[in-house]
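Q: Sequence plus the predicted model coming up.
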Amino acid sequence: MESQDVFCRQMFDNIASKYDRLNHLLSFGTDKYWRKKALKKHLYATAHQRVLDIACGTADMSVAIARQGIEHIDGIDISEKMLHIGQKKIRKYGLQDKIHLQVGSSTNIPFENQYFDAAVVAFGIRNFADRARALKEIYRVLKPHKELIVLEFSQPQINIFKHIYKFYFQRILPFVGGKISGDKSAYTYLPDSVYRFPQGQAFLQELANAGFENLHQKRMSFGIVSAYYGIKNGKI
C-alpha cells in the first residue's frame with residue numbers, strides 16, 4: 001500500500017467513531033443535502049443495476065444511493081474501522097440486502113471489467129494516492145456509456161465567500177474537529193487536501209485524460225462543494 005494510502009487509512013481509523021457526528025456538525029447538516037443533490041436526476045433505478053461507491057467510508061453515500069431505488073451497491077474503502085461503522089448503519093436501516101461493503105483500494109478495485117452501471121466517489125477522491133490510476137480503474141470497472149459522479153469540496157468563486165470559507169476551514173474547522181475527535185492533525189489535513197485538489201476545469205481535464213466524456217460540474221452552496229459528472233465512452 002502506498003504511503004498516502006497508509007496515512008489516510010490510519011487517520012480515518014483514528015477518527016472513525018466521531019466521523020459522522022463531526023461531518024454533520026461541521027457542515028451544519030448540509031452534507032446530506034449535498035449527497036442528495038449530486039444524485040438528483042442521476043442513477044435512475046433499473047432492474048439489476050449495480051453501483052460502486054468508492055472510498056465509501058461510513059456508507060452515507062451508499063445509503064443515499066439505496067434510497068434512490070438502486071438494488072445493489074458495492075462499497076469499498078481502505079479503512080476497516082470506517083467500514084465497521086458503515087455496516088452498523090446499514091443494519092440500522094435494514095439495507096443489508098442492497099449494500100455490500102469490503103476493504104478495497106481505489107487503485108486496485110476488486111471487481112472485473114465492465115461490472116458496474118455507475119460509480120460514485122463522495123468526499124474521497126482528494127485523498128487518493130494516485131488519482132490518475134484510480135480514475136483509470138474506475139473507468140475499467142464501468143460498463144461503456146455509464147456514469148461516474150464525483151462529489152468533492154471546492155473553493156467559492158465569490159470573494160466574500162472565499163474569505164469566510166478560508167477563515168472557517170483554517171481556523172474553526174481544525175479547532176472544533178480536533179477537540180471532538182481528539183486528532184487535530186486529521187482536521188488540519190482536511191483543508192490542506194481541499195486546497196491541493198484541482199478545481200473545476202482542471203479536474204474535468206483529469207477525467208477527460210482517463211477517457212470520460214460529456215463532462216460537467218455542478219456547484220453547490222456558493223461553490224463550497226462541487227459535483228463532477230462524466231460518461232465512459234464506448235471503448236472498452
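A: The structure has been received and is ready for your questions. Residues are numbered from 1 along each chain as shown.

Q: Which helix or strand in this protein has the lowest average pLDDT?
A: helix 173-181 (a mean of 74; mean pLDDT, DSSP states H and E).

Q: buried ones in that one?
A: By 16 or more other C-beta atoms under 10 Å, the buried positions in helix 173-181 come out as Leu173, Pro174, Gly177, Gly178, Ser181. For the C-beta atoms, the positions are set from N, CA and C on the backbone; glycine is no exception.

Q: continuing past it, what's the next helix or strand?
A: Per DSSP states H and E, helix 173-181 leads on to helix 184-196 as the next helix or strand towards the C-terminus.

Q: The residue of the chain most remote from its centre sits in which helix or strand?
A: Using C-alpha atoms, centre = their mean, the residue of the chain lying farthest from its centre is Ile160. It sits 27.0 Å away. Ile160 is part of helix 159-167, with elements assigned from DSSP H and E.

Q: quick revisit: who's in contact with the residue farthest from the centre of the chain?
A: Neighbour list for Ile160: empty [criterion: C-beta atoms under 8 Å, 6 or more residues apart in numbering].

Q: just to revisit the earlier point, quick one: the least confident helix or strand of the chain to chain centroid distance?
A: Per C-alpha atoms, centre = their mean, to the nearest Å, the displacement of helix 173-181 from the mean C-alpha position of its chain is 21 Å.

Q: Let me know the average pLDDT across the helix holding Ile160.
A: Mean pLDDT, helix 159-167: 78.

Q: next one: stretch 41-59
A: The model assigns stretch 41-59 a mean pLDDT of 88.

Q: Show me what counts as buried in it.
A: Leu43, Gln49, Arg50, Val51, Leu52, Asp53, Ile54, Ala55, Cys56, Gly57, Thr58, Ala59.

Q: Kindly report the same for stretch 117-136.
A: Quick answer for stretch 117-136 (16+ other C-beta under 10 Å): 117-129, 131, 133-135.

Q: Next, the distance between the ends of stretch 149-161.
A: End-to-end span of stretch 149-161 (C-alpha to C-alpha, to the nearest Å): 25 Å.

Q: before we move on, the earlier item: just name the closest of the buried residues of helix 173-181 to Ala227, please.
A: Leu173 (21.2 Å; C-beta to C-beta).

Q: hang on, isn't that closest one packed against Ser27?
A: No. Using C-beta atoms under 8 Å, Leu173 is not in contact with Ser27; the gap is 9.8 Å.

Q: follow-up on the earlier one: save the buried residues of helix 173-181 as JSON lines, and put in distance to Pro156 too.
A: Below are those laid out as JSON lines (distance: C-beta to C-beta, whole Å):
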{"residue": "Leu173", "distance to Pro156": "15"}
{"residue": "Pro174", "distance to Pro156": "19"}
{"residue": "Gly177", "distance to Pro156": "20"}
{"residue": "Gly178", "distance to Pro156": "24"}
{"residue": "Ser181", "distance to Pro156": "25"}
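
Q: out of these, who's nearest Lys98?
A: Ser181 (29.7 Å).

Q: all helices for this protein, in order.
A: Secondary structure of the chain (DSSP state H): helices located at 3-26, 30-39, 60-66, 80-92, 131-141, 159-167, 173-181, 184-196, 201-209.

Q: so which of the ones you listed comes closest to Thr107?
A: Per C-beta to C-beta, nearest to Thr107 of the helices of the chain: helix 131-141, 4.8 Å.

Q: how about the CA coordinates for that closest one, as PDB?
A: Extracted C-alpha coordinates of helix 131-141, given in PDB (Å, rounded to 0.1, in the frame of the first residue of the first chain):
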ATOM      1  CA  ARG A 131      -5.700   9.900  -8.800                       C
ATOM      2  CA  ALA A 132      -4.900   9.200 -12.400                       C
ATOM      3  CA  ARG A 133      -4.500   5.500 -11.800                       C
ATOM      4  CA  ALA A 134      -7.700   5.400  -9.700                       C
ATOM      5  CA  LEU A 135      -9.700   7.100 -12.400                       C
ATOM      6  CA  LYS A 136      -8.400   4.500 -14.900                       C
ATOM      7  CA  GLU A 137      -9.500   1.800 -12.500                       C
ATOM      8  CA  ILE A 138     -13.000   3.300 -12.200                       C
ATOM      9  CA  TYR A 139     -13.100   3.500 -16.000                       C
ATOM     10  CA  ARG A 140     -12.200  -0.100 -16.200                       C
ATOM     11  CA  VAL A 141     -15.000  -1.400 -14.000                       C
END
